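> here is my input; please provide its structure:
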Amino acid sequence: MSARSEGTPFDALRGQLQDAAAEFADGPDALQGILLGMVDDVDRAVREPLEIFPVCHHSPASAVAMARRLREKQPKVVYLELCEDMAPLLSELRNCRLPVAVQAFASEVKGFPADWAPLSVVAPITEASAEYQAISYALDTPGVELVLVDRSSDHVFQWQAGETDPAGADDRPAEEGAALHGDAVGVEIGDLRPRFAELEEHLLHHGRVRHWSEWWHQYVELPLGDSDHDTYRQVMLLIGSLFRRLAPGDTGRVRVDEDRERYMWTRMREHLAATGTDPEDCLYVCGAFHASSRVEEFGVHGSDTFEISPPSESTWQYGLIPSSHAAIEAQFGLAAGSVSIAATQWSKNIERTRVRPFRLAGQDGAKKAAKPRKAAAAAAPVAAMAPSDKLSGFLQSPPALDRLDEAELLGWSVEIVRSARRNGYLASTADAIAVFETSILLAGMRDRARPTPYDFQDAAVTCIEKETVPGRRDVRRLVEILMGGDRIGRVGYDALPPLARDVHDRLAPLNLKLQQRGMQRALLDMTSQPELRQCSDVLWMLRHLMPHGAARPIMGERELGKQSVQESWDLALGTHQRALIELGYEGVSIEQVLEQRLRRAAYAPNATTAQVLAAVEDAVLHLRSGRLADELGIRALEVLATERSVDGAPEVLRRVRRLLAYYRISRPVLPSWIESFAKTGYAHYCTLLPTAFTDEDATVRQVAAMLGFLFSMESLALSLGCDRTQLELAFAQSHPQEPSRVALLWAAQVHLGQLSCGELRQRCDELLADPLVVPAYPRYLSGFLHALEPVPQLADFVVEAVSKAFARLPDPVLLPWLPTLITTLRSEGADLAPLLIREAGRVFPGRLAALDAWVAPWQAAPEEPVTAAAGGDTAGRAALLAAHPETCDSVAELLGWEGTWETEVSAPAGAVLVGRHPDTAVALEALLTGS
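Predicted coordinates for the structure are as follows:
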């Protein structure tokens, strides 16, 4: 692969490695092939005319080396390993506070499995990263072109077509900061980690560290932090070649990696050919793993046999979303706190090396620039020099001893004790001394003179952490906060999509800083400030569209036919900025997005009638769109006609009642769809009723909801042409066996007039008198409780039945049933409990003193009928009716009754009620006479 005949700067290193392979290995072939192959990879990359700059993602050493090399070389074209379709967004980074992530999002999937939707790709960017240095240099330097050369977002999923879950959604982060990327697929510049598990385990064991991030910090970041360009470049190339050659034979992953390298070199050669740029004036920034590529397309003189497939028909949207250190760590498998430690190390490297980093002009969140010095002439680009062997010296030199910085370690120890005390730990000055000494001890045990942040973290946990954690944060988390914390980025207003900007503009009258993270309270008084009504509309739509907690109402409600005059909201739009940005991928306004989602929910293949009716209600509540509500109502009618189960009957009943009540008070005429719905639903549930009474899968609550629909919609359905014979035939065919359904059938028969209350009371008494039925009696009561939904006039009878059950049922039967009664009323009978309580308050005495003399109405002896009062003229009691017969004649004519008036009025029973209960009349007489 390399030109051995010409001689290279690495010939001496090859000879040393060949001798070492022959001495330490059983045979020189295997080890010699790996070691010499690594040197060949480095030699090949170094001699490439187009300079390759290898990096590791979120590495401060790479960022410092990148900034130094850009100022020295001043390339005219920067090729960057990043999805090529994300290029238009990079200029918006100056309007954001880092870290943020560049996102590509596709909600409509074409050419991919449907269960992959939505497709999302994110590329997080931090200030302590080489890619940000390259982007800042290219965007703010005149005459410099930035070219993204990696595969497009669409190709990311095209090349993963064999996987079932490319996003790894089953292993999502749980913490708030770690969930900012959601289930997106992460792409990073410079994924540099051993793919050979035994190699990583060997490195961690002999390096005396716990995880890979700590090993990389100790053995790569710190040694390369002060190295020159050639040393840094050759060492990174060597590491990339090592990990590449010792990678296991995962053919799918190797194929994707090699295709990415072919893709990038093909794009670079196309750009060079199109622009005529000299490769010496270019810089190629890529991961060290890809810099040591061995594909035939490698280099500016590589073959052009690779064909790039066309993208799919999926529609991609692009934007910037907030990111965080925790989200980057969770998505790419880094140790908790490692990105924050890298950010701290970046600041130290900048201060120590005096390298001036690049930063986008006007960068949000950046420190103010120092007072400008006197303008100096721009440094001329450093001429390219022949590569020399820096690897031999680096590998042979002993590690530089970094002396102990006692002031830094002491400051850490004091601050962690102070933070621990604020979080409930009983820490003292003695603990700070212990942490200080233990950090030095652990560093010595791990063969390093200066304690690293990871040594300090272990020491703090050992000395401060007790048996329990008194607060929400443990000591390990407190150390992470001390080292920089989980910095969370923010997308600026100018970089937001149109929908997000529109939301902020419409909520401007609230005078809140909505882009800030955290909860903010908004108070809306629409009486004194009518313009806040529009803000209220926006907030209710956001509550429907965004995750829970983004917009939460504290006071106020929005129901059909009701509007609040005052509202109070807890808003956290800054915390949920990513969700707001992703709404912008679906439309240009929240009304458009809401309408699209309602249509999508209503026309889904598995949509139920209840779900479609919920969409109708939301269309009326939030969009006030009669056109959309009517369209979705027709869809609900279609879905109802195809349903063959009663699973959604309770929800259908509840929503239809609300919609019917709303339309009756808001429109002069009912919409045609709701009339058709009542008519179709009446026939539909009449057909399903006999089966539902005996179906074990149907619950009592669902059967009760069916009866509620039939009874409440009966008058409307009959007026529209339905026949009541359907209902009567349905009941004639219903023969339930389960006690609760039998009780439900009896209650329905009372409503239909097929059974009187006296006969129902007699049947219940017979059940209580039968010892064989007593254990099942609570199930009858459960049926009567559910019967209050379709037959609310039975409330007095239900109170009587429950009271008799408490009085007569034995404890072994009654006590096990009480939890069922309570849970039933709480979960399924929340609307029925007030009815029962009101009826019980009417029946039972209101004062404790009256309880002893109180007799239940159903236990009182029946009163004999009272005869007509003596001395009264019975013939004159209907004098008013006989004197004014016009009303009765009109009613008789309307009913089609032909009759004649009697000349003599027969003696009627008279005012029997007044005679039976004379107390009211006597009290009225006393009031009028004053006696």
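> all strands for the stretch 651-800 of the chain, in order.
Counting by DSSP state E, counting those that start in this stretch, the stretch 651-800 of the chain forms no strands at all.
> oops, could you answer that again for the stretch 251-400 of the chain instead?
282-287, 317-322.
> most packed of these?
Across the strands of the stretch 251-400 of the chain, averaging neighbours per residue (mean count of other C-beta atoms under 10 Å) puts strand 282-287 on top, at a mean of 25. No exception for glycine: its C-beta is placed from N, CA and C like everyone else's.
> what does that one contact?
Outside strand 282-287, the residues that touch it by C-beta atoms under 8 Å, 6 or more residues apart in numbering are 50-57, 66, 69-70, 73, 75-81, 130-131, 134, 149, 188-192, 240, 264, 268, 272.
> and stretch 744-758, by the same measure?
So stretch 744-758 is contacted by 693, 700, 703-704, 707, 711, 727-728, 731, 734, 736, 760, 763, 783-784, 786-787, 790-791, 793-794, 797 (C-beta under 8 Å, 6+ apart).
> which of those residues count as buried?
693, 700, 703-704, 707, 711, 727, 731, 734, 736, 760, 783-784, 786-787, 790-791, 794, 797 (16 or more other C-beta atoms under 10 Å).
> just give me the neighbour total for the closest residue to residue 765 other than its chain neighbours.
Excluding its sequence neighbours, the residue lying closest to residue 765 (C-beta to C-beta, 6 or more residues apart in numbering) is residue 804, at 8.0 Å. The tally of other residues near residue 804 (other C-beta atoms under 10 Å) stands at 19.
> ok, now residue 295?
17.
> measure it to residue 605 for me?
Going from residue 295 to residue 605 by C-beta to C-beta, to the nearest Å gives 45 Å.
> ok, residue 428 - contacts?
Here residue 428 is in contact with residue 417 (criterion: C-beta under 8 Å, 6+ apart).
> need the phi and psi values for it.
phi -140, psi -180 (degrees, to the nearest 10).
> state the distance from it to residue 341.
From residue 428 to residue 341 the distance is 27 Å (C-beta to C-beta).
> same check on residue 73?
29 Å.
> more neighbours, those two?
residue 341 (24 against 19).
> I'd say the more buried one and residue 456 touch.
No: if you go by C-beta atoms under 8 Å, residue 341 and residue 456 don't touch, sitting 10.3 Å apart.
> between these two, which contacts overlap?
Joint contacts of residue 341 and residue 456 (C-beta under 8 Å, 6+ apart) do not exist.
> ends of stretch 748-758, what's the gap?
End-to-end distance of stretch 748-758 (C-alpha to C-alpha, to the nearest Å): 15 Å.
> ditto for stretch 764-779
So stretch 764-779: terminal residues 12 Å apart, C-alpha to C-alpha.
> return the distance of it from the chain's centre.
For stretch 764-779, the distance from its own C-alpha centre to the chain's C-alpha centre is 50 Å (C-alpha atoms, centre = their mean, to the nearest Å).
> just the residues contacting it, thanks.
738-740, 743, 780, 801, 804-805, 808-810, 813-814, 817, 820-821.
> who wins on neighbours among those residues?
residue 743 leads those on contacts (other C-beta under 10 Å) with 28 neighbours.
> that residue contacts residue 781, correct?
Yes: applying C-beta under 8 Å, one finds residue 743 in contact with residue 781, separated by 7.4 Å.
> in helices only, show me the contacts of stretch 744-758.
693, 700, 703-704, 707, 711, 727-728, 731, 760, 763, 783-784, 786-787, 797 (DSSP state H).
> hmm, who's touching the helix or strand hosting residue 631?
Assigned by DSSP states H and E, residue 631 belongs to helix 626-642. Outside of helix 626-642, the residues within contact range by C-beta under 8 Å, 6+ apart are 595, 598-599, 602-603, 607-609, 612-613, 615-616, 619-620, 652, 671-674, 676-677, 680-681, 684.
> and the buried ones among these, selectable in PyMOL?
If you want just the buried ones from those in PyMOL, going by 16+ other C-beta under 10 Å, the selection is:
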select buried, resi 595+598+599+602+607+608+609+612+613+615+616+619+620+652+671+673+674+677+680+681+684
